[in-house]
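S.K.: Structure of the sequence below:
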Amino acid sequence: MPYLIRKAKPNDAPRLAELLEAYMQETYRGTWGGKTDLLEQHLIDNEVEIIVAETPEREVIGFVAWVDSYDLHWCLKGGDVIDFFIHPPHRGHGAAILLITRLAADIQEHGGAYLKGGAVDNPVVRQFYRKIAMCLPDGESYVSGRAFRRLAELSGERLREIIKKMPEVAWNNEP
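M.R.: Numbers count the residues shown, from 1 in each chain. Alright, predicted model coming up:
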């Protein structure tokens, strides 16, 4: 299924709130503690970067949210994934891969050279991360170096091309 990948707009806040509620329920067995109007304002003020995946019918079905990050050990700017969610009926159709490549491109546009995030206790998510990222025992995952640049280069490509050209995990160790 083709998805449009784009930056979230303030009017996406109600649908993002629904997805955040589903994410919190699935991941933490809890409820989302945010407020739709506050999320909308934060999107207006660029307090958080959110990229969404939407269907051809304009239904937002997933998102990745991130903020700027800095790695003092390497003196590099990057991005820290806050949350990453695809609505269950749309999983396995490539939306996550499309979001991750767009995320890398956006971080690169902000002057970043890596992305990091923690994988929730989900075997499918962890398997996806292990294909492209350096995964630490504590659950933190990093994509950097040549692997990060390849992801950014693949943003906007067709899904089949992205899958063929995905970076190897070892590329994270290459400058």
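S.K.: Name the helix or strand of this protein that has the lowest mean pLDDT.
M.R.: The helix or strand of the chain with the poorest confidence is helix 123-132; it has a mean of 79 (mean pLDDT, DSSP states H and E).
S.K.: Give me the buried positions along it.
M.R.: Within helix 123-132, the residues scored as buried using 16 or more other CB atoms under 10 Å are V125, F128, Y129, I132. Every residue, glycine included, has its C-beta placed from N, CA and C.
S.K.: residues making contact with that helix?
M.R.: Identification of contacts with helix 123-132 by CB atoms under 8 Å, 6 or more residues apart in numbering yields 84, 91, 96, 100, 119, 135, 141, 143, 147, 151, 166-167, 169.
S.K.: which one of the residues you listed has the most neighbours?
M.R.: Among the contacts of helix 123-132, V143 has the most neighbours (other CB atoms under 10 Å), with 29 neighbours.
S.K.: which SS class is it?
M.R.: strand (DSSP: H, G, I helix; E, B strand; the rest coil).
S.K.: now the helices: where do they sit in this structure?
M.R.: Listed in chain order, the helices of the chain (DSSP state H) span 13-28, 36-44, 95-109, 123-132, 145-154, 159-165.
S.K.: what sits against A96?
M.R.: Contacts of A96 by CB under 8 Å, 6+ apart are G62, F84, I86, F128.
S.K.: Also W66?
M.R.: 48-51, 79-82, 103, 106-107, 115, 117.
S.K.: Distance to R160 and neighbour count for these - can I get that in CSV?
M.R.: Converted to CSV, those look like this (distance: CB to CB, whole Å; neighbours: other CB atoms under 10 Å):
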residue, distance to R160, neighbour count
V48, 31, 14
E49, 27, 19
I50, 26, 20
I51, 21, 21
G79, 26, 25
D80, 30, 18
V81, 25, 20
I82, 29, 15
L103, 20, 25
D106, 22, 19
I107, 24, 26
L115, 23, 27
G117, 25, 23
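S.K.: Pick the one among those closest to I162.
M.R.: L103 (12.8 Å; CB to CB).
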